[in-house]
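Colleague: Turn this into a model:
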Amino acid sequence: MKLKRQKQAKKTLSFYKFNFGFRTPHQVLVDGTFCGAALRHQILLKEQAPKYLMGAVQLCTTSCVLKELESLGKELYGAKVILQRFQVRSCKHFQSPRVAAVQAGQLVTPTQQQSISSLKEQQGIGRGPEDGRGRKRKRKRSNPNPLSCLKKKRKAPPTTGSSAADRGEGEAKKGRRRHKKPKTEGGP
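Modeller: Below you'll find the predicted structure:
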C-alpha cells in the first residue's frame, strides 16, 4: 500500500476507533460482488484485509449473501466457494433469506448514517462530492526545456561547385589528410 493511502486508512481507522469503539479483530462483512471483484483481480482477502486495516481481521458473511450467489448461478460460483469458507453470521430473517442488497441497507439506519457523516465532517475525514473527486490538481509551473532555449545554429548558404578546381589553387582543402607510409623494399 502506498504511503498516502496508508496514512488515509490509518486516519479513518483511528476515527472509528475513538468515536465508535472499533477494536481488533475487525469483523468485516463480505458480500458476493465484493468477493467476486477480489477474485477477478486476484486479491487474497485473508492476506490483504489485515494489511489494509492494520490489525487482525475476521471475515464473515450471511446466509442471504450465499443465497444471492446461488441464484446468480455460474457467474459468481468462485465467489460463492470462497464465501462458504468464511464464518456465516445469522441475520434477523434467518428462516427465509432475502436478497443481500436489501439486507445491507438495513445494517445502518438513516440516523446512524447521519451521525457518521457529521462526525466525519468534524474530524475532517469526510469528503463531499464537490470536495475530493471532481477537483483536479493544479500542475506546478515548470521551467522550459533547456534544449529548446539553445541558440539556433545558422545554416551556411549552399555553394554550388564545391570541387577543388572551383575553389582555386591557393585554398587548402579542409579536412583531415591521409599520409601514405613510405614503402619498404624488404616487406610486403
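
Colleague: Just give the number of residues close to Val30.
Modeller: 19 (other CB atoms under 10 Å). For every residue, glycine as well, the C-beta is placed using N, CA and C.

Colleague: likewise the one 5 residues further on?
Modeller: Other residues lying near Cys35 total 24 when counted by other CB under 10 Å.

Colleague: same thing with the one 3 residues further on?
Modeller: Burial measure for Ala38: 17 neighbouring residues, criterion other CB under 10 Å.

Colleague: and it, what helix or strand is that in?
Modeller: helix 32-40 (DSSP states H and E).

Colleague: Return that helix as CSV; C-alpha atoms alone will do.
Modeller: Only the C-alpha atoms of helix 32-40 are listed here, as CSV (Å, rounded to 0.1, in the frame of the first residue of the first chain):
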residue,chain,number,x,y,z
GLY,A,32,-20.9,-11.6,-3.2
THR,A,33,-20.0,-8.8,-5.5
PHE,A,34,-17.1,-7.7,-3.4
CYS,A,35,-15.7,-11.2,-3.2
GLY,A,36,-16.3,-11.6,-7.0
ALA,A,37,-14.3,-8.5,-7.7
ALA,A,38,-11.5,-9.6,-5.4
LEU,A,39,-11.4,-13.0,-7.2
ARG,A,40,-11.4,-11.3,-10.6
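
Colleague: In that helix, which residues are buried?
Modeller: Residues of helix 32-40 classed as buried: 32-36, 38-39 (neighbour count, 16 or more other CB atoms under 10 Å).

Colleague: Give me the below-cutoff pLDDT ranges for this structure.
Modeller: Confidence mapping of the chain against pLDDT under 70 gives the ranges 93-108, 125-135, 159-174, 186-188.

Colleague: quick one: which of the buried residues of helix 32-40 is nearest Lys155?
Modeller: Distance to Lys155, by CB to CB, is smallest for Ala38 among the buried residues of helix 32-40, at 62.6 Å.

Colleague: who touches the nearest residue to the closest one once chain neighbours are set aside in this structure?
Modeller: Nearest residue to Ala38, sequence neighbours excluded (CB to CB, 6 or more residues apart in numbering): Leu45, at 5.4 Å. Shown in contact with Leu45 (CB atoms under 8 Å, 6 or more residues apart in numbering): 30, 35, 38, 59, 82.

Colleague: between those, which is closest to Gln6?
Modeller: Ala38 (19.4 Å).

Colleague: outside of stretch 48-60, which residues touch it?
Modeller: Residues outside stretch 48-60 that contact it (CB under 8 Å, 6+ apart): 1, 9-10, 13, 24-30, 45-46, 86-89.

Colleague: Among these, which ones are in strands?
Modeller: Mapping the contacts of stretch 48-60 onto strands (DSSP state E) picks out 26-29, 87-89.
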